[in-house]
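Asks: Okay, structure incoming, though there's no sequence with it:
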């Protein structure tokens with residue numbers, strides 16, 4: 001009797017093991033195939049429960065891709081884009097950026113990204129006027145890998161000189177030694193305060209009046 005019970009238990013365990021192996025053999029390829037599934041096409045749109053597009057994504061003919069997140073009303077609020085370029089523009093494989101838009105879905109109020117060798121963060125007001133920009137890799141003379149520049153503009157934006165300009169670069173020509181300077185201007189774009197270092201390493205502080213005349217300096 002004991003032998004019969006032992007034999008039945010052994011057979012049951014063996015059958016269970018074989019069934020498990022069989023199930024896994026059939027399931028694993030299906031799982032692997034599911035993991036490799038792709039959605040192909042030039043563009044894909046995700047529609048929310050309200051029947052409005054909430055996400056868009058597509059690839060550009062020149063390379064790179066775009067992902068857009070929309071508001072509940074279907075207005076563009078954020079965009080992530082890499083490489084490529086819009087139709088009619090030359091491709092820029094080095095470009096990548098995140099753009100943030102206002103509630104109207106059209107006004108860009110912020111951007112973090114790269115353009116060529118320059119990485120920058122830009123902030124704009126609700127009218128789309130750029131008010132602040134931090135750039136790395138772009139100095140006064142263009143591309144300078146070790147340069148860093150911060151500009152703060154008044155309500156008119158970059159159409160006027162920055163009211164606050166803080167920079168570490170290689171000077172106006174881009175060929176000198178690394179220097180640093182802070183420039184503060186008034187609402188008339190007149191330079192009022194300058195603090196910086198010269199190419200020789202000497203420190204300078206200047207205070208000017210409304211006409212631009214130096215009224216105090218050190219040394």
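Replies: Here it is on my side, so go on. Given the structure is predicted, the values throughout are model-derived calculations rather than measurements.

Asks: Flag the shaky bits of the protein, pLDDT-wise.
Replies: 1-41, 84, 86, 139-142 (pLDDT under 70).

Asks: Using the record's assignment, carve it into domains.
Replies: Domain ranges of the chain: 39-115, 117-219, per automatic domain parsing.

Asks: and those as CSV, adding mean neighbour count?
Replies: The C-beta positions use only the backbone N, C-alpha and C, and glycine is treated the same way. Below are those laid out as CSV (neighbours: other Cβ atoms under 10 Å):
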stretch, mean neighbour count
domain 39-115, 14
domain 117-219, 15
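
Asks: Let me know the distance separating residue 161 from residue 154.
Replies: 9 Å (Cβ to Cβ, to the nearest Å).

Asks: beta partners for the nearest residue in space to residue 162 that is not next to it in sequence?
Replies: Distances taken as Cβ to Cβ, 6 or more residues apart in numbering place residue 151 nearest to residue 162, at 3.9 Å, with adjacent residues excluded. Taking DSSP bridges as the rule, residue 151 bridges to residue 133, residue 165.

Asks: measure residue 151 to residue 67 for me?
Replies: Distance from residue 151 to residue 67, counting by Cβ to Cβ: 29 Å.

Asks: can you give me the strands for this protein?
Replies: Taking DSSP state E as the criterion, the chain contains strands spanning 43-47, 53-59, 65-70, 76-82, 96-101, 108-115, 118-124, 130-139, 142-152, 164-169, 179-185, 191-197, 203-208, 214-218.

Asks: As JSON lines, the ones you listed with distance to residue 90 would be great.
Replies: Below are the strands of the chain laid out as JSON lines (distance: least, Cβ to Cβ, whole Å):
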{"stretch": "strand 43-47", "distance to residue 90": "22"}
{"stretch": "strand 53-59", "distance to residue 90": "17"}
{"stretch": "strand 65-70", "distance to residue 90": "17"}
{"stretch": "strand 76-82", "distance to residue 90": "15"}
{"stretch": "strand 96-101", "distance to residue 90": "16"}
{"stretch": "strand 108-115", "distance to residue 90": "13"}
{"stretch": "strand 118-124", "distance to residue 90": "17"}
{"stretch": "strand 130-139", "distance to residue 90": "20"}
{"stretch": "strand 142-152", "distance to residue 90": "18"}
{"stretch": "strand 164-169", "distance to residue 90": "28"}
{"stretch": "strand 179-185", "distance to residue 90": "34"}
{"stretch": "strand 191-197", "distance to residue 90": "37"}
{"stretch": "strand 203-208", "distance to residue 90": "42"}
{"stretch": "strand 214-218", "distance to residue 90": "46"}
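
Asks: The residue nearest to residue 162 and residue 138: what is the separation?
Replies: 11 Å.

Asks: and what of residue 59?
Replies: For residue 59, the distance to residue 138 equals 29 Å [Cβ to Cβ].

Asks: again, but for residue 109
Replies: 22 Å.

Asks: same deal with residue 75?
Replies: 32 Å.

Asks: Next: residue 174.
Replies: Applying Cβ to Cβ to residue 174 and residue 138 gives a distance of 10 Å.

Asks: For these two, list the residues in contact with both.
Replies: Listed as contacting both residue 174 and residue 138 by Cβ atoms under 8 Å, 6 or more residues apart in numbering are residue 144.
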